[in-house]
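Build me a structure from this.
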Amino acid sequence: MTLRKRARPHRRQLLAVALLAPTLGLLGLSAAAQTAWPTQPVKILVGFPGGSTPDISARALADALAKAWGQTVVVENRPGASGNLAADAVAKATDGHTLGVVINGNLTTAKQLNAKLPFDPARDFAVVSLLATAPLVLVTPAEQPQGAAWLAAAKAAGEKWSYGSVGIGSVGHLGGELVNGAIGANAVHVPYNGNPAVLTALLGGQIQMALVPPGQALPQVKAGKLHAIGVTGPKSEQAPGVPPLAELGVRMPPLEVWNALVAPAAMPRAALERLARDVPAVMKEPETRQRFVAGGWEPVGSDAAAAQARVQAEARTLGEIITRRGIKLE
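Below you'll find the predicted structure:
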């Protein structure tokens, strides 16, 4: 009798274990998958040259992730087409270990500007995190006037003046069109392959103005080689002492430049889960934040939902500018 009473619980335990076995197995596989990735060096593609603002962000993030993972994380620069060449390569990557750091336009306006774009930002990317933001600084050569006198000179110059940006449809381009409209100017847009090239053109007198992130604009301003007319938004810690353009009577929507980390939409789920956990975590580390701030950025490190919401909102705002101004890729 005693043996029968002991046998019944034993059978129930065996049955419970048998029923739970598939679930326990799946949980074990899930945990193993999360800890296994990355299983090889991770590559972060950047569509702009070394020293550009997206490159600065990518390298700071790569170093932090390499330390967290104990795995090599390399940054590869593939400049061209306002970052869309690299973005296309990320969208088509199938190795499960390729990511991309992209700018506003690659996610918000690229498809609106070019219906034949070889990738669809909404379909082909998993947006992992909004990494960092910054205002744009309106900079001019040092020999030009400042303040209200500069506004008058820009208006009088008409098409004799030009302004540079990192490409057609970029935030610098669209912001330049907003400045033109706000002050009654008609400066001609000239696209360049990255902000270092824009600054070189400014210093060489090939263009007369540009909207550039503070991390690259302010060193030239401090050196006395460029003037900072104002920032495209409220006062910013990234551009201390530079007034908002609104204080000079330039009425335009606030604009920021930002970059985000993206993965191919087909990235394995375990990889996306680890990125969702680790990227915001490393972005909170003091050393990582310091590197972003030193590069002129306000570090963010958002979750995927917040990043996607920013993309959708800005796509609507910038899309209205594109339509109103008739901007198209040539």
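
how far is stretch 205-224 from where the chain is centred?
Remark: stretch 205-224 is offset 20 Å from the chain centroid, using CA atoms, centre = their mean, to the nearest Å.

mind listing what's buried in it?
If you call a residue buried by 16 or more other CB atoms under 10 Å, then stretch 205-224 has these buried ones: 207-218, 220-221. In short, each C-beta sits where N, CA and C put it, glycine included.

wait, what's in contact with Phe117?
Quick fix: residue 117 reads Leu, not Phe. 84, 110-111 (CB atoms under 8 Å, 6 or more residues apart in numbering).

Does the nearest residue to Phe125 once chain neighbours are set aside lie in a helix or a strand, and which?
Once flanking residues are discounted, Phe125 sits nearest to Val262: 4.4 Å by CB to CB, 6 or more residues apart in numbering. Taking DSSP states H and E as the criterion, Val262 maps to strand 256-264.

and that strand, what other elements does it pack with?
Using 3 or more CB pairs under 8 Å, 6 or more residues apart in numbering; DSSP states H and E as the contact test, the elements touching strand 256-264 are helix 53-69, helix 84-92, strand 98-103, helix 104-108, strand 125-135, helix 171-183, helix 269-283, helix 304-325.

tell me the angle that strand makes with helix 171-183.
Counting by axes from the mean of the first three to the mean of the last three CA atoms, to 10 degrees, strand 256-264 points 150 degrees away from the direction of helix 171-183.

So Lys225 versus Val139, what's the distance?
Distance of Lys225 to Val139, computed by CB to CB, to the nearest Å: 10 Å.

More neighbours: the two, which one.
Val139 (28 against 14; other CB atoms under 10 Å).

Rounded mean pLDDT for the helix or strand containing the more buried one, please.
Under DSSP H and E, the secondary-structure element containing Val139 is strand 137-141. The average pLDDT within strand 137-141 is 97.

chain center to that strand: distance?
Mean-position distance between strand 137-141 and its chain equals 22 Å (CA atoms, centre = their mean).

Pipe the helices and strands packed on strand 256-264 into JSON lines and attach distance to Val75 and mean neighbour count per row.
As requested, the helices and strands packed on strand 256-264 are exported to JSON lines (distance: least, CB to CB, whole Å; neighbours: other CB atoms under 10 Å):
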{"stretch": "helix 53-69", "distance to Val75": "5", "mean neighbour count": "22"}
{"stretch": "helix 84-92", "distance to Val75": "11", "mean neighbour count": "22"}
{"stretch": "strand 98-103", "distance to Val75": "8", "mean neighbour count": "27"}
{"stretch": "helix 104-108", "distance to Val75": "16", "mean neighbour count": "28"}
{"stretch": "strand 125-135", "distance to Val75": "13", "mean neighbour count": "24"}
{"stretch": "helix 171-183", "distance to Val75": "22", "mean neighbour count": "23"}
{"stretch": "helix 269-283", "distance to Val75": "15", "mean neighbour count": "18"}
{"stretch": "helix 304-325", "distance to Val75": "20", "mean neighbour count": "16"}
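
okay if I get the buried residues of stretch 205-224 as a markdown table plus distance to Ala153?
A markdown table is the format used below for the buried residues of stretch 205-224 (distance: CB to CB, whole Å):
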| residue | distance to Ala153 |
| --- | --- |
| Ile207 | 14 |
| Gln208 | 9 |
| Met209 | 10 |
| Ala210 | 16 |
| Leu211 | 17 |
| Val212 | 19 |
| Pro213 | 24 |
| Pro214 | 23 |
| Gly215 | 27 |
| Gln216 | 24 |
| Ala217 | 19 |
| Leu218 | 22 |
| Gln220 | 20 |
| Val221 | 18 |
